[in-house]
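> let me see the structure of the following:
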Amino acid sequence: MSSDPIVFLPGMMCDARLFAPQIADLSREMAVTVAPITCGERIEEIASNLLDLLPARFALAGLSMGGIVAMELLRRAPDRITKLALMDTNPLAETPQSAAGYEPFVAKLRAGLIAEAVEMVLGGDILAPGPARAEVLALATQMAQGLGAEVIIRQVRALQRRRDYQGTLRRCKVPALILCGTEDRLTPPRRHEFMAGLMPNARLVTVEGAGHLPVLEQPQTVNAALRGWLAQPLVLQRPIRA
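Here you go, the predicted structure:
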């Protein structure tokens, strides 16, 4: 296992409960932190605020919007990140059409219909079918209600204006895990195959029986993948200057 702490970044609408199974498993052997992605109007601002709070060096794992913030952290401070895990995320910028697609979701939030907004994002075929689906969706709704509509709308605006991170991934030299649920229709496996192909030290893992939130849908499989990633030897990087 890595001697560096691991920092998890949750997705839009989510808090630390998203990674409860990973915290319970990994915290027995290493320092585990979940950092919020709620402070900032843009992805760049969120990342800048986090860099002031995070350890000097750390392994970094982000899911969905958390993965996008992770890519921005990598762009800004590559020497501080010893390992990178990107889960169910997207390195591409929004197109005008895809950015506009968030507006019905924002309208639900502005109306105070947070549960309906969550259903818009995670309903349908975004989560894998099965007995755990209702429980995962209920937790996602609780997390969103805890954050509140104003925070989530701010997250949406940051996503709509995000940059393209393909170049950042090409320059990533640290051990990387690219992980995706096989039934994720929001950020599908093909997108993750593309991401892994950009990176020189990436391993692709697809999780059967999981959709967009495999950390909750199939936690044992995800935990095993994370442990394998954390056990990889570090890539020698330039020292950080004080």
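
> list the buried residues for stretch 10-28?
For stretch 10-28, a neighbour-count test (16 or more other C-beta atoms under 10 Å) marks 10-15, 17-19, 21-23, 25-26 as buried. Bear in mind the C-beta positions are built from the backbone N, C-alpha and C, glycine included.

> please produce CSV containing those residues, extended by secondary structure and distance to Pro233.
Shown next, in CSV, are these (DSSP: H, G, I helix; E, B strand; the rest coil; distance: C-beta to C-beta, whole Å):
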residue, secondary structure, distance to Pro233
Pro10, coil, 28
Gly11, coil, 29
Met12, coil, 33
Met13, coil, 36
Cys14, coil, 31
Asp15, coil, 32
Arg17, helix, 32
Leu18, helix, 28
Phe19, helix, 24
Pro21, helix, 26
Gln22, helix, 22
Ile23, helix, 24
Asp25, helix, 21
Leu26, helix, 18
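
> can you pull out the helices in this structure?
Taking DSSP state H as the test, the helices found in the chain are 20-26, 43-51, 65-76, 96-100, 103-110, 114-122, 133-147, 149-160, 166-170, 189-198, 214-217, 219-230.

> with mean pLDDT and distance to Pro5 added, can I get these in CSV?
Shown next, in CSV, are those (pLDDT from 0 to 100; distance: least, C-beta to C-beta, whole Å):
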stretch, mean pLDDT, distance to Pro5
helix 20-26, 98, 10
helix 43-51, 97, 14
helix 65-76, 98, 14
helix 96-100, 94, 34
helix 103-110, 97, 33
helix 114-122, 96, 29
helix 133-147, 97, 23
helix 149-160, 98, 24
helix 166-170, 97, 22
helix 189-198, 97, 24
helix 214-217, 98, 18
helix 219-230, 97, 11
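
> now those in CSV, with distance to Ala35?
Output for the helices of the chain, formatted as CSV (distance: least, C-beta to C-beta, whole Å):
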stretch, distance to Ala35
helix 20-26, 13
helix 43-51, 5
helix 65-76, 9
helix 96-100, 25
helix 103-110, 23
helix 114-122, 22
helix 133-147, 14
helix 149-160, 14
helix 166-170, 19
helix 189-198, 22
helix 214-217, 15
helix 219-230, 16
